[in-house]
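Student: here is the input, now give the coordinates:
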Amino acid sequence: MPRQPDPNLEERILNAAHALWKRGGDKALTMRAVARAARSNTPAVYRRFRDRQDIVRALLRRIQVEIASHLMRCRTIEEMGEAYVNYALGHPHEYGLFYAHVRDLSPPARSAPLLPIRETRPNMGLMEKRLADRLGGKPEDHTRLALGLWAAAHGTAMMLIMKAIPTGHEAELRAAFTASVKAMLRQAS
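Tutor: Predicted coordinates:
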């Protein structure tokens, strides 16, 4: 009797890769280790993913979708900023790994024309759309503001994750972040 394809194998592979990546970072993510952790074999992993980098890209897209699900539930830009920082603080290892590899989601600079940032970072597109809904205009009119908000959220998240702010000042940093978001939005309207 011929062997039946496992419809859940790709998901098992990604779950195994995520667990290995979370536990041991880049060094732990080998095709053989992923296959073993997914209770499969290396050829089966290669049939679904071209190489290790292909698995990393799939993990990055998974994190993007997870962040987007948090952001889409927010009613306001201010809530989106808080949700972004909260996601980072709730998943610091994944967040750090994401930003260590996020460049892998973009096509190589020499091989393709410059794409709008929303094309490689869908959450930027969501932010631009929300800004257009609030401030008017087209989403692409708000790229610079969306980048500024993202930079403020990422900087706040990284300072808190890396404990770069003196102990006891975390709430003050969060309040400063909230105030800066409000100030940027006030300036833009």
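Student: which SS class is residue 6?
Tutor: Residue 6 falls in the coil class when you classify it by DSSP: H, G, I helix; E, B strand; the rest coil.
Student: tell me the contacts of it?
Tutor: Shown in contact with residue 6 (Cβ atoms under 8 Å, 6 or more residues apart in numbering): 12, 40. In this view, the C-beta of every residue, glycine as well, is placed from N, C-alpha and C.
Student: for it, phi and psi?
Tutor: The phi/psi pair for residue 6 (degrees, to the nearest 10) reads phi -90, psi 110.
Student: worst mean pLDDT across the helices and strands of the protein, which element?
Tutor: Lowest by mean pLDDT, DSSP states H and E among the helices and strands of the chain is helix 117-120, with a mean of 79.
Student: so where's the protein shaky on pLDDT?
Tutor: 1-4, 107-112 (pLDDT under 70).
Student: centre-most residue in it?
Tutor: Residue closest to the average C-alpha location in the chain (Cα atoms, centre = their mean): residue 64, at 3.9 Å.
Student: neighbouring contacts of the least confident helix or strand of the chain?
Tutor: For helix 117-120, the external contacting residues (Cβ under 8 Å, 6+ apart) are 105, 106, 107, 124, 125, 128, 139, 140, 143, 147.
Student: before we move on, what about stretch 133-149?
Tutor: 77, 81, 116-118, 124-125, 127-129, 131-132, 181, 184-185, 188-189.
Student: show me what contacts the residue nearest to the centre of the chain?
Tutor: By Cβ under 8 Å, 6+ apart, the contact list for residue 64 reads 105, 121, 122, 123.
Student: so how do I select the buried members of the contacts of stretch 133-149 in ChimeraX?
Tutor: Buried members of these can be picked out in ChimeraX with the line below, counting by 16 or more other Cβ atoms under 10 Å:
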select :77,81,117,118,124,125,127,128,129,131,132,181,184,185,188
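Student: let's see which of the contacts of stretch 133-149 end up in helices.
Tutor: 77, 81, 117-118, 124-125, 127-129, 131-132, 181, 184-185, 188 (DSSP state H).
Student: pretty sure residue 89 contacts residue 158?
Tutor: No: with contact defined as Cβ atoms under 8 Å, residue 89 does not count as touching residue 158 (10.4 Å).
Student: list the buried residues of the helix or strand containing residue 149.
Tutor: In the assignment (DSSP states H and E), residue 149 maps to helix 143-161. Neighbour counts over helix 143-161 (16+ other Cβ under 10 Å) mark 143, 145-146, 148-150, 152-153, 156-158, 160-161 as buried.
Student: what's the offset of that helix from the middle of its chain?
Tutor: 13 Å (Cα atoms, centre = their mean, to the nearest Å).
Student: and for stretch 176-189?
Tutor: The chain centroid and the centroid of stretch 176-189 are separated by 23 Å under Cα atoms, centre = their mean.
Student: which among the contacts of residue 64 gets closest to residue 40?
Tutor: Residue 40 lies nearest to residue 105 out of these, by Cβ to Cβ, at 25.6 Å.
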